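Visitor: I would like to see how this sequence folds:
(one chain, ligands or ions: 2)
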Amino acid sequence: LAARLQGFGTTVFAEMSALAVATGSINLGQGFPDYPGPPEVLDVARNAIGTAADQYPPGPGIPELRSAIAEHQQRFSGLAYDPDTEVLVTAGATEALAAVMLALLEPGDEVVLLEPVYDSYSASVAMAGGVVRPVPLHPPAGGDGHWTFDPADLRAAVTPRTRLLLLNTPHNPTGTVLTADELAVLGKLAVAHDLLVVTDEVYEHLVFDGARHVSPATVPGLRERTLVVSSAGKTFNVTGWKVGWICGPAALVAAVRTAKQFLTYVNAGPFQPAVAAGLRLPDGYFTALARDLQGRRDVLVRGLRDAGLPVVSPEATYFATVDVRPVQPDGDGLAFCRSLPARAGLVAVPSGVFYTPEHAHLGRHLVRFAFSKGDGVLAEAVRRLVGMG
Ligand code: PMP
Ligand code: GLN
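Guide: Numbering: from 1, shown residues only. Ligands and ions are numbered 1, 2, ... in the order given. Coordinates of the predicted model:
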């Protein structure tokens, strides 16, 4: 393994999903739904197979999908993007993020991000020769809501080598949503230091009562320096389709397109018209998706509390984070996750993996549970939690 990938080993999602299969446990680790996407989206993909859609689509994505992405951005964040020059289709958000780093970072360039952080970010930055500068998010003191950062930590993370501010809202794994005030602080910093901004919004539609998703690209001064990344996986319950996209100023999108051409060249043909149909669904689809998931959140959060686990009820996403110390005296979240199949027939993800080594102590006792599961599975998971040995 090349030096730049030392320490990245196997992702925790692969390890924990394999553990779930090997032990027959309910998998609340890797975040994916166990219920299908909307039939009108699935039908388009089914009908596209066996047609010309099976052959190489255009590199930047089919025009119909790029137009649907631009319309979706206009509808939900009020921003206009030219589908021909300012939109790029990618193999999920994961390829989008990797292509962004490869396209924009010089070796040694620094990327400021909020930690805990989704695991592919640090690897993508490292593969491009960049360096991560983490700013910790702190959990709320009480049981609900919002994790936040200290603006002084943010300012201290910026150096003359900082090239890029990498944001994720709604945020995996904490389920927090950046507020208008936080975005203003982040926006001012980006403008003052002439930073590019990359914002991963794959959970943009999975937001619950009391919180509202605001795209960082809407902050004054940011549209022209921001690449918005999102994906169909979470919005249409099709995480295996791996269709994602980038919207941003033409020059930045052109740079990312150059990198993307030599990563995957093009992406899954039959899924592109299907995602286009999904992005054009009426508003009611998106609000029902969030309302439904909010009910699942409430079931799992109640179950975790009944099991004696302090939990932050998240504002958004698929995930709730618990402090395992009451049931794991050594406070080791990884050890807790490895013993959870035997203790309760469940699998979760240790949040420690979402921290850089220098901040590992902040996440050692935290564990992430996914609640994107059908009623029966979720009810059984709660029964097992409450009876945990
Ligand atoms: N970003 C975040 C924050 C995620 O949680 C995930 C997992 N879905 C991804 C990116 C990857 O998205 P995709 O499957 O579209 O590559
Ligand atoms: N984004 C999902 C999660 O955080 C899936 C991650 C993955 O499989 N790489 O669980």
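Visitor: Look up phi and psi at the residue in the stretch 51-200 of the chain that ligand 2 sits nearest to.
Guide: Nearest to ligand 2 in the stretch 51-200 of the chain, going by Cβ to the nearest ligand atom, is Asn172, at a distance of 5.1 Å. From N, CA and C alone the C-beta is placed, and that goes for glycine too. With angles defined as degrees, to the nearest 10, Asn172 sits at phi -100, psi 130.
Visitor: need the residues of the stretch 51-200 of the chain near ligand 1, please.
Guide: For the stretch 51-200 of the chain, the contact set with ligand 1 under Cβ under 6 Å from any ligand atom comprises Gly92, Ala93, Thr94, Tyr118, Asn168, Asn172, Asp200.
Visitor: got any ranges where the stretch 101-250 of the chain has weak pLDDT?
Guide: 143 (pLDDT under 70).
Visitor: separation between the residue in it that ligand 1 sits nearest to and Leu97?
Guide: Nearest residue of the stretch 101-250 of the chain to ligand 1, counting by Cβ to the nearest ligand atom: Ser231, 3.1 Å away. Separation of Ser231 from Leu97 (Cβ to Cβ, to the nearest Å): 10 Å.
Visitor: distance of the nearest residue to the residue of the stretch 101-250 of the chain closest to ligand 1 once chain neighbours are set aside from ligand 2?
Guide: Take Ser231 and drop its neighbours on the chain: the residue closest to it by Cβ to Cβ, 6 or more residues apart in numbering is Gly244, 3.6 Å away. Distance, Gly244 to ligand 2, using Cβ to the nearest ligand atom, to the nearest Å: 12 Å.
Visitor: in stretch 81-88, what's buried?
Guide: Buried residues in stretch 81-88, counting neighbours by 16 or more other Cβ atoms under 10 Å, are found at Tyr81, Pro83, Glu86, Val87, Leu88.
Visitor: again with stretch 333-347
Guide: Gly333, Leu334, Phe336, Cys337, Leu340, Pro341, Ala344, Gly345, Leu346, Val347.
Visitor: Then stretch 263-283?
Guide: 264, 266-281.
Visitor: Next: stretch 136-143.
Guide: Pro136, Leu137, Pro139.
Visitor: Alpha carbons only: can I get the one helix or strand Leu340 maps to in CSV?
Guide: Leu340 belongs to helix 333-344 when assigned by DSSP states H and E. C-alpha atoms of helix 333-344 as CSV (Å, rounded to 0.1, in the frame of the first residue of the first chain):
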residue,chain,number,x,y,z
GLY,A,333,-16.9,2.3,21.4
LEU,A,334,-15.0,0.0,19.1
ALA,A,335,-15.0,-2.8,21.7
PHE,A,336,-18.7,-2.1,22.4
CYS,A,337,-19.5,-2.5,18.6
ARG,A,338,-17.5,-5.7,18.4
SER,A,339,-19.4,-7.2,21.3
LEU,A,340,-22.8,-5.9,20.3
PRO,A,341,-23.7,-8.9,18.0
ALA,A,342,-23.2,-11.2,21.0
ARG,A,343,-24.8,-8.8,23.5
ALA,A,344,-27.9,-7.9,21.5
